[in-house]
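Novice: fold the following, please.
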Amino acid sequence: MKNKFIHVVAVAATLVGAEASAAINYYTLWIHGKNDNKTKGGNYTDFSYWGPSSTAAGVNKKAVNWNGTQKISVENYRVRDALDCFCTGDNWCYVAVHSAGDLQIGYALSLYGGSTRNKKNATPNANGVCGDAGGTQTGWNIKWVDVASGASGGSELADVGEWAVSTPLVGDLVTTTARAMYNHNTTRSVWFYNFAGSKGTLYSGILPGQDDEAVAYHTTGGVSGSSGASLCNPGDWFCGGTLTLGTDKCSSGEAKWSYHSVKLRDDGEAYDHHAAGNWAGIVGTVRADMAANAKK
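Specialist: Sure thing, here's the model as predicted:
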């Protein structure tokens with residue numbers, strides 16, 4: 001009887017030790033949008049797109065850099081490499097995206113989020129690829145996605161060729177192209193929390209409804225449909241409807257994509273689109289949210 005008791009205690013101790021060794025590691029991934037490719041893909045420490053790397057922006061933050069001039073399909077492997085590195089096995093992620101970074105994470109989840117992934121060791125090589133930790137899993141371990149002025153619904157600036165430099169990515173940002181690129185309702189049950197800015201004046205004649213000088217509320221609010229609607233803040237009489245908070249349909253009847261919720265609507269027209277290398281604009285509101293909530 002004594003030997004049996006010792007055996008049970010030993011097994012229990014082994015299980016406790018196994019649980020302790022399987023402690024969860026948390027990371028915060030920042031996926032940028034359209035840029036001129038000054039950041040090197042696979043370098044997870046370069047936050048120059050966003051702002052000073054010393055700024056608090058979530059636990060164990062990593063910059064997911066990719067060639068922001070190229071098509072989403074061409075560069076999406078960079079995002080999948082980062083998700084494999086930091087969001088598999090015992091590793092869990094919070095994800096923050098800006099502008100076309102919204103297309104990148106949506107594309108990855110919709111088209112690859114149900115695929116078999118090798119569990120990785122969170123130790124990247126020079127190309128941003130991590131080593132195998134043993135075993136596989138389906139998809140990635142993601143807590144949620146915060147979206148700063150997301151462009152998953154495209155921009156009318158791309159529709160009319162308003163951007164001075166025409167790159168492959170601009171073609172992807174045409175509203176009908178962006179909305180047909182993948183099933184935006186397929187997020188693998190990961191919630192997208194949208195932060196929509198409205199401090200836009202320069203392109204008010206091109207972008208419908210409220211905008212932040214690059215994208216309009218119909219895309220920053222995660223509103224569904226094959227094209228963009230004219231949506232504004234409450235009390236604006238010159239729009240087709242009001243962008244609602246949360247998951248509610250817009251006042252004009254348009255629904256949001258599944259698992260998309262408006263967390264911030266810029267009623268005071270205080271936030272524009274641009275991070276300006278200093279965590280500025282609507283990016284600043286997402287940074288604050290990540291610093292407060294993306295924790296161990």
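Novice: number of residues surrounding the nearest residue to A126 once chain neighbours are set aside?
Specialist: With Cβ to Cβ, 6 or more residues apart in numbering as the criterion, A126 has its nearest non-adjacent residue at 6.9 Å, and that residue is G42. For the C-beta atoms, the positions are set from N, CA and C on the backbone; glycine is no exception. Neighbour count for G42, taken as other Cβ atoms under 10 Å: 19.
Novice: surely G42 and G128 touch.
Specialist: Yes: using Cβ atoms under 8 Å, G42 is in contact with G128, at 2.7 Å.
Novice: residues shared between the contacts of the two?
Specialist: Both G42 and G128 are contacted by 78, 81, under the criterion Cβ atoms under 8 Å, 6 or more residues apart in numbering.
Novice: find me the pLDDT at Y203, would you?
Specialist: Looking at Y203, its pLDDT reads 73.
Novice: re the thing from before, for the residue nearest to A126, what are its contacts?
Specialist: 65, 78, 81, 124, 126-129.
Novice: in strands, which of those appear?
Specialist: Cross-referencing the contacts of G42 against strands under DSSP state E gives P124.
Novice: from T244, how far out is I72?
Specialist: 28 Å (Cβ to Cβ, to the nearest Å).
Novice: more neighbours, those two?
Specialist: When neighbours are counted by other Cβ under 10 Å, I72 and T244 differ, and I72 comes out ahead with 24 against 20.
Novice: phi first, then psi, for that one.
Specialist: Per-residue torsions, I72: phi -60, psi -50 (degrees, to the nearest 10).
Novice: hang on, G101 packs against I31?
Specialist: Yes: with contact defined as Cβ under 8 Å, G101 reaches I31; the gap is 3.7 Å.
Novice: name the residues contacting each of these two.
Specialist: In contact with both G101 and I31: V64, using Cβ under 8 Å, 6+ apart.
Novice: for burial, what's the neighbour tally of L157?
Specialist: Residues lying near L157 (other Cβ under 10 Å) number 23.
Novice: if you could redo that for K38, that was the one I meant.
Specialist: K38 is flanked by 10 other residues according to other Cβ under 10 Å.
Novice: do the same with N127
Specialist: 11.
Novice: let me see the contact set for it.
Specialist: 42, 81.
Novice: worst-scoring helix or strand of this structure, pLDDT-wise?
Specialist: Taking mean pLDDT, DSSP states H and E as the measure, the chain has helix 2-21 as its least confident helix or strand, at a mean of 44.
Novice: partners of the next helix or strand after it in the sheet?
Specialist: The helix or strand immediately downstream of helix 2-21 is strand 25-31, counting by DSSP states H and E. According to DSSP bridges, strand 25-31 forms sheet pairs with strand 61-64 (parallel), strand 91-98 (parallel).
Novice: list the buried residues of strand 25-31.
Specialist: Using 16 or more other Cβ atoms under 10 Å as the test for burial, strand 25-31 gives 26-31.
Novice: same check, this time on stretch 114-127
Specialist: Applying 16+ other Cβ under 10 Å to stretch 114-127 flags 117, 119-120, 122, 124 as buried.
Novice: repeat that for stretch 199-207.
Specialist: Buried positions in stretch 199-207, judged by neighbour count with 16+ other Cβ under 10 Å: 199-200, 203, 207.
Novice: how long is stretch 132-144 end to end?
Specialist: 24 Å (Cα to Cα, to the nearest Å).
Novice: centre-most residue in this protein?
Specialist: V97 (3.3 Å; Cα atoms, centre = their mean).
Novice: just the helices in the stretch 51-200 of the chain please.
Specialist: Taking DSSP state H, counting those that start in this stretch as the test, the helices found in the stretch 51-200 of the chain are 72-86, 101-112, 156-159, 168-172, 175-180.
Novice: just these: most buried one?
Specialist: Highest mean neighbour count among those (mean count of other Cβ atoms under 10 Å): helix 101-112, with a mean of 25.
Novice: and that helix, average pLDDT?
Specialist: Helix 101-112 shows a mean pLDDT of 98.
Novice: repeat that for stretch 260-269.
Specialist: Computed over stretch 260-269, the mean pLDDT rounds to 97.
Novice: what does stretch 125-139 give?
Specialist: What stretch 125-139 shows for mean pLDDT is 97.
Novice: pull out the buried residues from it.
Specialist: Neighbour-count burial for stretch 125-139, counted by 16+ other Cβ under 10 Å, picks out 128-130, 139.
Novice: circling back to that earlier point, okay, the buried residues of stretch 114-127 in TSV with distance to G153 next?
Specialist: Output for the buried residues of stretch 114-127, formatted as TSV (distance: Cβ to Cβ, whole Å):
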residue	distance to G153
R117	28
K119	33
K120	32
A122	33
P124	32
